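Asker: Fold the following for me, if possible:
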Amino acid sequence: MKLNFCKHAMIMVALLILTGCQLPDNEAESFDDVYDKLEEKAKEAQRIQDYQAAEKYYLIKIDEVRKRQLDEGYYNSPDYERLARFVYLPQGRYDEAADAENKFYELFKNKMVRHEVFWHYGYLSQIYGSKGQYDDARHAVEWLITNADNDVKVAMEDKKNKNDHIPLMNAKAVKFTNAYPNIANYYNTIGDPEKSIKLLQGLVEHSNSVRLMPQNRAKVNNYLATAYYYAGDDVKAEKLFADAAGLNSSAAVGFPQDLSYSYMMLGRIAEHKNDYVAALKSYRTAIAALNMYTKLLYKVEQADVCNEIGRCQLRQGKTAEARAAYTEAIELRKKTTTTTHPNYADALRGLAGVTLCEGNIASATLQAEESLKILDAALVPTHPRITATLIALTSIYEQTGKSEQAAPLKARIETILQKPLGPWKEDFMETAAFYTEQLKKANKPAAAQYLEQLHARQKDKR
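Answerer: Residues are numbered from 1 along each chain as shown. As a prediction, this is how the structure comes out:
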């Protein structure tokens, strides 16, 4: 017994040294104490978006539980859940996110309450949809559709028969707050925002009938506004985004990410009107919303707004301002160890455009190539969001006389364009227009004409 205690104490000392925890003066801490300290460190790293540190602490926890042959379902399932949803997903590590999410389900499925199963399938739909595995995403969405409606029917019968097997309020809450937003997001992703609109109108009606808190009603408005935006209805989208911003601002405790998103999308709509002053004002308000409480949080979201500012400035030919914005986005991504995310690739592509305008084709080539490398690592080869980077790199190759390197990229573009671009159509169209002008300036009329043809073909498509 004494030998076992000594062995246990030595392991605890090693673990404490490894994690930076301090030993108490007289005795080694229990495993649960160390486990709790690791969890605190992991959650704090996650909160401040230090995803590399968060992953390290969660993996140490998982490893220590395995070494002791403890109940993984009890100890490790929450860590797999957090790795999937709050570490790997924000990093764009979609394969690892799917593996961790499925491991969480495998370990915990027999202990899950009903709403946790819905969250599992909701996150799977997000992970697979983000990567471009639309068949897998569809399967998750079909589960949500079938079970959300069925649970409400069962709950209504239960209420009628005075049986609380599935409380009606719970069934409706899961349907409207989990299932519907994830289903709508899937429809937006595959280029069918009309289905999303129809679904989300029901969600808006529900939110009004149950008198949600202002910040929650703002979230619902953002969902529906996004669907209208992708459907090309800027009028309805603008009103809903503005209403969402007002609701969030009026809330006692608003949601900074949602408020920022509302203003960011209002900036995009202002750009559609060529009102760049209003657009930049909205983008800066979006950043201010993220810094409402502290500048330590929401660095990833700030990076995304910086991408929008960079894009807006480049559209106006303001390369110095565009470079500053893209550089800030890149630095924020590096600080949060999210350089594997497709949005980081977008920042690099934007910076490549700036660099090209400045006349440094060699650096622009490297930046565009790195952008494509990141996208290819994160996404399926036919993901529609890759087309903008393919256009950028193809055009740069054409400018430098590397037509043989541009040819396979053009073939990829043609393959991808056989299906809807969905949310990435606007980015594609804007990038094609930008590089058309660059090719004309470089006296590459044939390459410019190719992009003009692509632009014309996609104009009336999803």
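Asker: give me the low-pLDDT residue ranges for the stretch 101-250 of the chain?
Answerer: Low-confidence segments of the stretch 101-250 of the chain (pLDDT under 70): 155, 158-171.
Asker: Show me where it has its strands.
Answerer: Assigned by DSSP state E, counting those that start in this stretch, the strands in the stretch 101-250 of the chain number zero.
Asker: Sketch out the helices for it, chain order is fine.
Answerer: 114-131, 134-160, 168-174, 180-189, 193-209, 214-230, 234-250 (DSSP state H, counting those that start in this stretch).
Asker: Let me have the ones you listed in JSON lines, extended by mean neighbour count.
Answerer: Every residue, glycine included, has its C-beta placed from N, CA and C. Formatted as JSON lines, the helices of the stretch 101-250 of the chain follow (neighbours: other CB atoms under 10 Å):
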{"stretch": "helix 114-131", "mean neighbour count": "21"}
{"stretch": "helix 134-160", "mean neighbour count": "17"}
{"stretch": "helix 168-174", "mean neighbour count": "18"}
{"stretch": "helix 180-189", "mean neighbour count": "23"}
{"stretch": "helix 193-209", "mean neighbour count": "17"}
{"stretch": "helix 214-230", "mean neighbour count": "23"}
{"stretch": "helix 234-250", "mean neighbour count": "20"}
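Asker: Any idea which of these gets closest to residue 259?
Answerer: In terms of CB to CB, the element of the helices of the stretch 101-250 of the chain nearest to residue 259 is helix 234-250, at 4.1 Å.
Asker: The next helix or strand after the closest one vs helix 214-230, what angle?
Answerer: For helix 234-250, the following helix or strand on the C-terminal side (DSSP states H and E) is helix 256-272. Note on geometry: by axes from the mean of the first three to the mean of the last three CA atoms, to 10 degrees, helix 256-272 and helix 214-230 are set 30 degrees apart in direction.
Asker: Between helix 234-250 and helix 256-272, find me the angle.
Answerer: Using the same axes, to 10 degrees: helix 256-272 against helix 234-250 is 150 degrees.
Asker: Mean confidence (pLDDT) on helix 256-272, please.
Answerer: Average pLDDT, helix 256-272: 97.
Asker: What of stretch 349-362?
Answerer: Averaged across stretch 349-362, pLDDT comes to 97.
Asker: Would you map the helices across the stretch 301-450 of the chain?
Answerer: Under DSSP H, counting those that start in this stretch, the stretch 301-450 of the chain gives helices at 319-335, 342-357, 361-378, 387-399, 403-416, 425-441, 445-458.
Asker: With distance to residue 108 as extra columns, can I get the helices of the stretch 101-250 of the chain in CSV?
Answerer: Shown next, in CSV, are the helices of the stretch 101-250 of the chain (distance: least, CB to CB, whole Å):
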stretch, distance to residue 108
helix 114-131, 8
helix 134-160, 17
helix 168-174, 17
helix 180-189, 19
helix 193-209, 28
helix 214-230, 27
helix 234-250, 33
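Asker: between the helices of the stretch 301-450 of the chain, which gets nearest to residue 133?
Answerer: Nearest to residue 133, of all these, is helix 361-378, at 11.8 Å by CB to CB.
Asker: Buried residues of the closest one, list them for me.
Answerer: For helix 361-378, the neighbour count (16 or more other CB atoms under 10 Å) marks 364, 365, 367, 368, 369, 370, 371, 372, 374, 375, 378 as buried.
Asker: And for stretch 330-347?
Answerer: Buried-residue list, stretch 330-347, by 16+ other CB under 10 Å: 330, 332-333, 336-347.
Asker: end to end, how far does it reach?
Answerer: 6 Å (CA to CA, to the nearest Å).
Asker: Can you name the residues that contact the closest residue to residue 208 other than its chain neighbours?
Answerer: Distance criterion CB to CB, 6 or more residues apart in numbering; nearest residue to residue 208, sequence neighbours excluded, is residue 217 at 7.7 Å. Listed by CB atoms under 8 Å, 6 or more residues apart in numbering, the contact set of residue 217 reads 207, 208, 244, 247.
Asker: Next one: residue 217 relative to residue 379, how far apart?
Answerer: 34 Å (CB to CB, to the nearest Å).
Asker: Then residue 264?
Answerer: For residue 264, the distance to residue 379 equals 22 Å [CB to CB].
Asker: more neighbours, the two?
Answerer: residue 264 (24 against 20; other CB atoms under 10 Å).
Asker: So that one sits against residue 305, correct?
Answerer: Yes - assessed by CB atoms under 8 Å, residue 264 is found in contact with residue 305 at 5.5 Å.
Asker: Now for the two: what residues contact both?
Answerer: 283, 286.
Asker: State the pLDDT value of the most centrally placed residue in the chain.
Answerer: Nearest residue to the geometric centre of the chain (CA atoms, centre = their mean): residue 90, 5.9 Å. The model reports residue 90 with a pLDDT of 96.
Asker: Secondary structure class of it, three-state.
Answerer: The three-state assignment at residue 90 reads helix, by DSSP: H, G, I helix; E, B strand; the rest coil.
Asker: hang on, the earlier thing: pick the one among the buried residues of helix 361-378 closest to residue 134.
Answerer: residue 378 (15.3 Å).
Asker: Please name the spatially closest residue to that closest one (chain neighbours excluded).
Answerer: residue 92 (4.6 Å).
Asker: Can you report phi and psi for that neighbour?
Answerer: phi 80, psi 20 (degrees, to the nearest 10).
Asker: Now do the contacts for it.
Answerer: Residue 92 neighbours (CB under 8 Å, 6+ apart): 130, 338, 340, 341, 342, 343, 344, 374, 378.
Asker: run the last query once more with 7 Å
Answerer: Counting by CB atoms under 7 Å, 6 or more residues apart in numbering, residue 92 touches 338, 340, 341, 342, 378.
Asker: sorry, back to before: any chance of the contacts of residue 217 in a markdown table, plus distance to residue 68?
Answerer: Output for the contacts of residue 217, formatted as a markdown table (distance: CB to CB, whole Å):
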| residue | distance to residue 68 |
| --- | --- |
| 207 | 46 |
| 208 | 51 |
| 244 | 48 |
| 247 | 49 |
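Asker: what's the farthest-apart pair in those residues?
Answerer: The widest separation within those (CB to CB) is 13.8 Å, between 208 and 244.
Asker: Which one of the buried residues of helix 361-378 is nearest to residue 357?
Answerer: Residue 357 lies nearest to residue 364 out of those, by CB to CB, at 8.7 Å.
Asker: Which single one of the contacts of residue 92 is nearest to residue 41?
Answerer: Distance to residue 41 across the contacts of residue 92 (CB to CB) is lowest for residue 338, with 19.3 Å.
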